[in-house]
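Chemist: curious how this folds, go ahead:
(one chain, ligands or ions: 1)
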Amino acid sequence: MVQALERTRPAAFSWAPQRPPRNAPPVRINLYSDTQTRPTPAMKEAMMRAEVGDEQHGDDPTVWALCDRMAALMGKEAAVFMPSGTMCNTAAILAHCQKGDEVLAHETSHILHSEGGAHAALTGVQILPLQGARGLFTADDVRAAIRPRTRYAPPQRLLEVEQTANIGGGVVWPLAQLNAVAEVAHGEGWATHMDGARLMNACVAAAIAPADMVAGFDSVWLDFTKGLGAPLGAVLCGSHDFISMAWRWKQRLGGSMRQGGICAAACLHALDHHVERLAEDHAHARALARGLAQIEGVVVEEPDTNLVFFDIGGTGVSVEALQGRLLEAGVMVSALGGRVRACTHLDVSAAMIPEAVQAIREALAAGA
Ligand SMILES: Cc1ncc(COP(=O)(O)O)c(C=O)c1O
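Modeler: Okay, here's the model as predicted:
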């Protein structure tokens, strides 16, 4: 079977990412993702000054400082520094669940679509996809998904939400709705986990303190490599017992670090300097959405935060053609969930917004 699959794979296929073509035009406006920010000079300075030690042995003071600060910020007992958000999700699911357990998550969730099948391959859980507009579901949706406790049904163990909901459109879960779904989960004896890849965007947009936003969740992580602009790192928070178990999995997965303080210093710098400014990214996203809405055939989803999704079906131009034409013009956007995604972040200035709108207008005007 595996051989048959291998045969159907195109000869040039590789799981590894491709290098950019040598003659690729320089990217002037990178709306592809908020993961593509470069550390600022001040962030690099902070990294150079970092006091470091062996993180794996508990000797790195800067990693401890970051974990203590994150635990306090999220109102949890403890925290662990991880290389990536994907590892936070994997370690969290491993810490909460046993093989064969079921995790309830939105049908567009990152754990279902974008973690390489990690949960089948590594955690052994199955994921029950919940439906709902814009990446959210309701307490009634969760109630409707409760399985009978019989030996036939998979044991349901964990409810997962994404704050903000990425493919949903960077949508902010309203606090009351978050608490309502968490209450149903806890009522069933399940744990609750929040993928907070863009949690700070949600907190800034809704003007809600992180600890309040995540109070209904037993575990939560924040990514520092998205709007916060750090080169590496995410912090997973929860109870002492949960973090102890997450550490066990971090070690097993090869996520324990050595002089991790170099990167933790970038995250601390981001907490000091890059959180409140997320409001600028949100304002840029709204300006971009307003500009795009003026283009005939384009349907724009009103952004809550820094992700602007738009549908170009009405223009007759394919998403791939738009991406290719924009690249020629030095503008990069992504395609996600059948729509185009443009993402604002640290490296996107106010002046770039009208330029990007004009480039998209021209690329679409060229026709199918
Ligand atoms: C919603 C969501 N969850 C998880 C991740 C994974 O984060 P990382 O790239 O740090 O592994 C991402 C990354 O884009 C994301 O958007």
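Chemist: following the strand or helix carrying residue 203, which helix or strand comes up?
Modeler: Taking DSSP states H and E as the criterion, residue 203 maps to helix 199-206. For helix 199-206, the following helix or strand on the C-terminal side (DSSP H and E) is helix 210-213.
Chemist: quick one, whichever helix or strand comes after that following helix and helix 199-206 angle?
Modeler: Following helix 210-213 in sequence order, the next helix or strand is strand 219-223 (DSSP H and E). Between strand 219-223 and helix 199-206, the angle comes out at 90 degrees (axes from the mean of the first three to the mean of the last three Cα atoms, to 10 degrees).
Chemist: what strands flank strand 219-223, and is each parallel or antiparallel?
Modeler: Sheet pairing for strand 219-223, assigned by DSSP bridges, gives strand 191-196 (parallel), strand 234-238 (antiparallel).
Chemist: pick the most buried one from those.
Modeler: Using mean count of other Cβ atoms under 10 Å, the stretch among those with the largest mean neighbour count is strand 234-238, at a mean of 29. (C-beta placed from N, C-alpha, C; glycine too.)
Chemist: one step back: in a markdown table: the strands paired with strand 219-223, plus mean pLDDT.
Modeler: What follows is the strands paired with strand 219-223, written out as a markdown table (pLDDT from 0 to 100):
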| stretch | mean pLDDT |
| --- | --- |
| strand 191-196 | 98 |
| strand 234-238 | 98 |
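Chemist: now these in a markdown table, with distance to residue 292?
Modeler: Formatted as a markdown table, the strands paired with strand 219-223 follow (distance: least, Cβ to Cβ, whole Å):
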| stretch | distance to residue 292 |
| --- | --- |
| strand 191-196 | 27 |
| strand 234-238 | 31 |
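Chemist: how about those strands in CSV, adding distance to the ligand?
Modeler: Converted to CSV, the strands paired with strand 219-223 look like this (distance: least, Cβ to the nearest ligand atom, whole Å):
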stretch, distance to the ligand
strand 191-196, 5
strand 234-238, 5
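Chemist: quick one, which of those strands gets closest to residue 92.
Modeler: Residue 92 sits nearest to strand 191-196 of all the strands paired with strand 219-223, at 5.2 Å, using Cβ to Cβ.
Chemist: hmm, who's touching that closest one?
Modeler: The contact list for strand 191-196, computed with Cβ atoms under 8 Å, 6 or more residues apart in numbering, reads 85, 88-89, 92-93, 96, 109-111, 157-163, 181-182, 185-186, 202, 214, 216-223.
Chemist: the residue in the chain that the ligand sits nearest to: neighbour count?
Modeler: Scanning the chain for proximity to the ligand using Cβ to the nearest ligand atom identifies residue 85 as nearest, at 2.7 Å. Counted with other Cβ atoms under 10 Å, residues neighbouring residue 85 total 25.
Chemist: what does this structure put close to the ligand?
Modeler: By Cβ under 6 Å from any ligand atom, the residues of the chain that approach the ligand are 35, 84-86, 110, 162, 166, 195, 197, 223, 225, 234.
Chemist: scan these and report the most crowded one.
Modeler: Going by other Cβ under 10 Å, residue 195 tops these with 29 neighbours.
Chemist: please name the nearest non-neighbouring residue to that one.
Modeler: Nearest non-adjacent residue to residue 195, counting by Cβ to Cβ, 6 or more residues apart in numbering: residue 162, 4.5 Å away.
Chemist: OK, contacts around the one you found?
Modeler: 105-106, 109-110, 135, 168, 194-195, 197.
Chemist: among those residues, name the ones in helices.
Modeler: The members of those that map onto helices under DSSP state H are 110, 168.
Chemist: and which of the contacts of residue 162 is nearest residue 14?
Modeler: Out of those, the member with the shortest distance to residue 14 (by Cβ to Cβ) is residue 110, at 22.9 Å.
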